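J.: sequence? don't have it. structure:
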């Protein structure tokens, strides 16, 4: 196990290195940071000064060397847009994004998995068919659309939930979070549902497909023959055998949501990280983009490590090392 | 009588038509008795077992008949009530030990689950009992192996674990569905011996479902031979083996290789099992029967007594009775 | 599903205009409602959009773009992903680590950035989107397939093939692949929809297909801007059509899975 | 930083949960903006929203009235030498910063010094024409320009004045987190991308604005902003999408306020070069290999071919004003004699024939690529599509190349950092100063494909218009202090530009606001800056 961990950490370093290189390359191609610093009608002199300030006048490998050195010391530089530490900007936004992502993932976990189990165990029943049909809506509607419709229905038509923004934050276990206040929860709900919807459909469908196969297995019949109650058969015996693909996708979705909730955050004016990223990309703000993507890479490596560990917990036959 | 099955009918309704997987089957099992049910695959013997357990799944359905177990009508019980009986009073051993154990739980957990469901033992007592059970089915170092997963065991060992699970709640009846089919011949013998010993020791009954007459002849007190969802022959084990009366049974016995007889070719039953959607009008076996007569094609045969007491056959031409099974 | 395909293939013969031909559409026809609504008129059966494009014609043409994106996207992404997933899961060790960390690298880059990158090198177009989708989409396949292969390869029938000396490639294709097919099919049916939507989202961000060759996703996101203003037909019809396609694909996927999966019989 | 944010949040919770009762709730204003302020340090970014918000906290020496003409602010009055090269400013006395420090000349000179540092200031250009400045006494100082400069006031207007005492020696970050100006409002809290809360500075030197408390909410999605307005969560929104206007107008409690903006949408054509955009993906192609855009008739024909009225009515929902010139009526240098060339496709075809580009066998005369952004200006993608359609109909094959603003501006830049790639593009331009000469300096001053003719001039002259006469006129205007005289020179410049069809002007966008009319009245500014003091409460 220890050895495994060491290898994984070694891989993490390699991943971060490659990511940093790619990020550097991409940000040097996409977007023009000068746009942020100088006016469109700026003179060549002004542009030249800005280039020097950003170090863009140096050859690419020199720029990269500098970038790596400062990155290693944990300094991603100052955002071109906000003129403050890129890392701090991300840290500031992180909690807000986590809030909607956690709620969204809980929603999809606690709704989609049971429904998937049910639909997989009883594929012929009316309810299963309804659920499956509805889940098609989940994967065929763009999230910006869903978000707008939710705003329209709950924010405007029924006026039961606030239209957008993050509500009051309160202190919960010493952390400032929307979870602590009712107002916070009200604001959380719509964006979380928007995020959850397409996830739910995916997880539901994977669970169902796995369940359909597992339910035909002998050990399910054997469990029934043991007198195990139906619910326990489904959730105890069958579900655990179908979890591998579900957990895989769950992990990917979780990471993707944390990293790239761009659209939903934009639509709900939610002050999270995704919006920061899209603004940074649009502006060619290299410090933010690189800090962000390296952070995300770190997170994915970590998440996938957790998922791999979960594999071994779920299925003892899997041997990673 | 521990178990009494009367006119059991289990049908499968598919969109291609109805399959009468079990059609009008009646038999009994006495306390402490081992009943062997023999037949080719698809003859309905497993379905009979599952019908008793109440585990027939869509599109299957028990269409008629009665199952009396210890005086209770099983078919009238709800699923929850059945759960009280399954495992505790009737337990089941499956054909393939490779797939019957849940791969994601330790065998300790799987045995314990039975005890949690059907006993009021404390966790520590349960653990102790698990060890006892494993030891009784002949698993070496049972304490150490409780936390192992099924894939750590060989096929024979897994079947021993399954037997341990089946015995865990001290059931009155064990339904064993082809318990040794998937095992090596040498291991088969061990497992059979073990099962017989355990059943006798605990004085429980057993319904042994198999296609292998050799297995049955060693184990069973009585034998039922099934063909196309119906019982074609029934009698004490010795009677049926030594004196098979139905042409089908004769065929089955004839196809077992015997060491002491020198034969260049094994006997076979010619033809194949009929399509279950289009059963023959008369006797189900008629298309394959060597002794087939006019009547066999038109009329379904009824039970008749063969030469010994309690030895019944379902055949028009009892002629096969004395001729034995050695004709070519 | 068949209808969708037929429409995509032969629909263009019957539409009233070619929405790709700029000189054929006229701004003066902009925002006409469907013909049964007051103010609507034939031949614009489902109304027109902001450029005066006939919605019905645009849907017919757009569905071709979207279907191409969905199917080819899945084929590319799925092809790469399944292959890499099989290899990673089956061989394990360093190969696995390499491929999976590559996946981690890939996951860290948003689709949008990749699309932007491609756009700055190539002209805006369907091929860009396809490359972006393949580059982004393979990870999901690879990780899912790998997870399942880790289980499957421990099964006896796979281990048995090693004993009989079957080459790895044959084992993978003949014995491992069929056992992970269910997840692949489910994933693919979801991904087709997903890809069509990703394209819509990219269009929403201005990174999608060219505006002169609108896809369903782009029609939908264009129309969405005027949804509150009561011009519902501009986005509802393409939206419904996307749903229809995704639904059809899912039915097809379910059918394929049931048909080719011996374990469900 | 975090601690401070936290405090801010806590304070706001306290306020919201009752402590606020001290402030009259009905004098509170919530405004939905299209974006957040990037920094509350006024120097590093020069961008509309950031500037507007910083103007609440900070004052400049010079203010602007509603027509963007300079008025006294921290400078009470000023005097200028005959040739407009030496300026003396007299500062207002008794003004205090939010933290209680006195405002003096030292603060002004400190701010000037900071503004000039290119690394941390986006406003360094404002002092690029200034030779030197010196303190005369605590409330008087003198500015000497490099050349006669009538535009100094327009530039000084953009410099916010910081407090030297508290800022000196602090980091840029610290300054951004502790904004301390002399302005009408003090910062209560700033939660990035969520809200900026300001309260009235009761010690302000001038008239107190009506709103006691102002909350700016950045809501970047158009639809969401409209929804917030409809739900009553905000009192006013900016940049209402044109398609939502009708629906909002139907609401009883909502007033839609529109005003022509300074932003003009127009087409740039590389008509003064023989090798237009050699590096474009799809370069210009004509049968004889010449550059058709060089011909005046061709440019005129393209002008005639475009039905701008239809674009305005169909795409812009009538919320745009077709224009013949680049500055709005009423501004310095506006020339009312310039008229649009009428929509006349038949004439357009005749002109094209005359210019020597008849229709070829395939029905086309020559082939162009129209580059445009699709996420920068109001409905830009649709406008470009429509324009391409009009050009196609007179026989000009038009490839449409739409891209995100992220790459668009680099792609079309006159500096050709990525090669010369665009011969026909649609862009927008606005000069928030409302000063004709400044605009012409960027738009009309000569520039060549291979570089600037005069450094810093012709920065967005994407047509590569070359006309020494125009250059001379612009130079002259800049050194003319008298606005009326300057206006006259500029009118001539615009007339020449129109005759040469340097650009094809399309329309001025309209700034559209929606406000809760039961609560407030809003008088918009021409430059789209939102100021709390432009609001009046109804009751």
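T.: Yep, it's here. Small disclaimer: the values here were computed from a predicted structure and weren't measured.

J.: hang on, isn't residue D:30 packed against residue D:215?
T.: Yes. Applying CB atoms under 8 Å, one finds residue D:30 in contact with residue D:215, separated by 4.6 Å. Any C-beta I mention is one placed from the backbone N, CA and C, and that applies to glycine too.

J.: any idea which element residue B:191 lies in?
T.: For residue B:191, the host element (DSSP states H and E) is helix B:185-202.

J.: Quick check: mean pLDDT of that helix?
T.: Average pLDDT, helix B:185-202: 86.

J.: Please apply the same query to stretch B:88-103.
T.: 86.

J.: wait, what's in contact with residue B:33?
T.: Contacts for residue B:33 (CB atoms under 8 Å, 6 or more residues apart in numbering or on different chains) come out as B:2, B:205, B:206, B:221, B:222.

J.: Now do the strands in the stretch 401-539 of chain D.
T.: Assignment of strands within the stretch 401-539 of chain D using DSSP state E, counting those that start in this stretch yields the ranges D:424-429, D:447-448, D:451-452, D:503-516, D:520-522, D:535-537.

J.: distance between the last one and the chain's centre?
T.: Mean-position distance between strand D:535-537 and its chain equals 25 Å (CA atoms, centre = their mean, to the nearest Å).

J.: what does the second one give?
T.: Taking CA atoms, centre = their mean, one finds strand D:447-448 lying 24 Å from the centre of the chain it belongs to.

J.: mind listing what it pairs with, with the direction of each?
T.: strand D:451-452 (antiparallel) (DSSP bridges).

J.: can I assume residue D:273 is in contact with residue D:464?
T.: Yes. Contact status for residue D:273 versus residue D:464: in contact at 5.1 Å, counting by CB under 8 Å.

J.: Which one's more surrounded, the two?
T.: residue D:464 (22 against 19; other CB atoms under 10 Å in any protein chain shown).

J.: pretty sure the more buried one is in contact with residue D:270, am I right?
T.: Yes. Counting by CB under 8 Å, residue D:464 touches residue D:270, with 5.7 Å between them.

J.: Just after the helix holding residue B:191, pick out the following helix or strand.
T.: Heading C-terminal from helix B:185-202 (DSSP H and E), you reach strand B:205-210.

J.: Please name the nearest non-neighbouring residue to the closest residue to chain D within the stretch 151-300 of chain B.
T.: Distances between the stretch 151-300 of chain B and chain D by CB to the nearest CB are smallest at residue B:151, namely 50.8 Å. Spatial nearest neighbour of residue B:151, chain neighbours left out: residue A:317 (5.1 Å); criterion: CB to CB, 6 or more residues apart in numbering or on different chains.

J.: How about residue C:48?
T.: Nearest one to residue C:48, counting by CB to CB, 6+ apart, is residue C:32 at 4.4 Å.

J.: Specify the local secondary structure of that neighbour.
T.: Here residue C:32 takes the coil state, with states given by DSSP: H, G, I helix; E, B strand; the rest coil.

J.: what about it, distance to chain D?
T.: Counting by CB to the nearest CB, to the nearest Å, the gap between residue C:32 and chain D amounts to 11 Å.

J.: Touching, that residue and residue C:44? I think so.
T.: Yes. Between residue C:32 and residue C:44 there is a contact at 5.1 Å, judged by CB under 8 Å.

J.: Near chain C, which residues of the stretch 101-250 of chain B are found?
T.: Taking CB under 8 Å from any CB of the partner chain as the criterion, the stretch 101-250 of chain B approaches chain C at residues residue B:151.

J.: Below-threshold pLDDT in the stretch 101-250 of chain B: ranges please.
T.: The model of the stretch 101-250 of chain B has no residue with pLDDT under 70.

J.: residues contacting the closest residue to chain D within it?
T.: Nearest residue of the stretch 101-250 of chain B to chain D: residue B:104, at 44.3 Å (CB to the nearest CB). Residues near residue B:104 by CB under 8 Å, 6+ apart: A:240, A:241, A:314, A:315, A:316, B:149.

J.: Can you tell me which of those residues is closest to chain D?
T.: For the contacts of residue B:104, the nearest to chain D is residue A:314 (38.4 Å; CB to the nearest CB).

J.: Quick check: the closest one touching residue A:242?
T.: No. Contact status for residue A:314 versus residue A:242: not in contact, 9.7 Å apart, counting by CB under 8 Å.

J.: Looking at those two, which one has more neighbours?
T.: Set residue A:314 next to residue A:242 and count neighbours by other CB under 10 Å: residue A:242 wins out with 26 against 21.

J.: for that one, phi and psi?
T.: The phi/psi pair for residue A:242 (degrees, to the nearest 10) reads phi -110, psi 0.

J.: moving C-terminal of the lowest-mean-pLDDT helix or strand in chain A, what's the next helix or strand?
T.: Least confident helix or strand of chain A, by mean pLDDT, DSSP states H and E, is helix A:34-37 with a mean of 67. With elements assigned by DSSP H and E, the helix or strand that comes after helix A:34-37 is helix A:44-54.

J.: Show me what that following helix is packed up against.
T.: helix A:34-37 (3 or more CB pairs under 8 Å, 6 or more residues apart in numbering or on different chains; DSSP states H and E).

J.: sorry, back to before: by neighbour count, which of the contacts of residue B:33 wins?
T.: Counting by other CB under 10 Å, top hit in the contacts of residue B:33: residue B:206 with 27 neighbours.

J.: what sits against that residue?
T.: Contacts for residue B:206 were tallied using CB under 8 Å, 6+ apart; they are B:33, B:34, B:35, B:173, B:174, B:175, B:176, B:195, B:199, B:219.

J.: how far out from the middle of the chain is stretch B:191-210?
T.: Distance, centroid of stretch B:191-210 to centroid of chain: 12 Å (CA atoms, centre = their mean).

J.: List the buried residues for it?
T.: Residues B:191-192, B:194-196, B:198-199, B:204-210 are the ones in stretch B:191-210 that count as buried (16 or more other CB atoms under 10 Å in any protein chain shown).

J.: The top helix by length along chain C: which residues count as buried?
T.: When chain C is scanned for its longest helix (criterion: DSSP state H), the result is helix C:55-91. The neighbour-count check on helix C:55-91 (16+ other CB under 10 Å) flags C:55-67, C:69-70, C:72-74, C:76-78, C:80-90 as buried.

J.: what's the nearest residue to the residue most central in space within chain C if we skip its chain neighbours?
T.: Nearest residue to the geometric centre of chain C (CA atoms, centre = their mean): residue C:70, 2.3 Å. Ranked by CB to CB, 6+ apart and with sequence neighbours excluded, the top spatial neighbour of residue C:70 is residue C:192, at 4.0 Å.

J.: residue contacts, the one you found?
T.: C:70, C:71, C:73, C:74, C:246, C:249.

J.: For it, give its distance to chain D.
T.: Taken as CB to the nearest CB, the span from residue C:192 to chain D is 26 Å.

J.: pretty sure residue B:235 is in a strand, no?
T.: Yes. Counting by three-state DSSP, residue B:235 is part of a strand.

J.: quick one: contacts for it?
T.: Counting by CB under 8 Å, 6+ apart, residue B:235 has contacts B:222, B:223, B:306, B:308, B:310, B:311, B:312.
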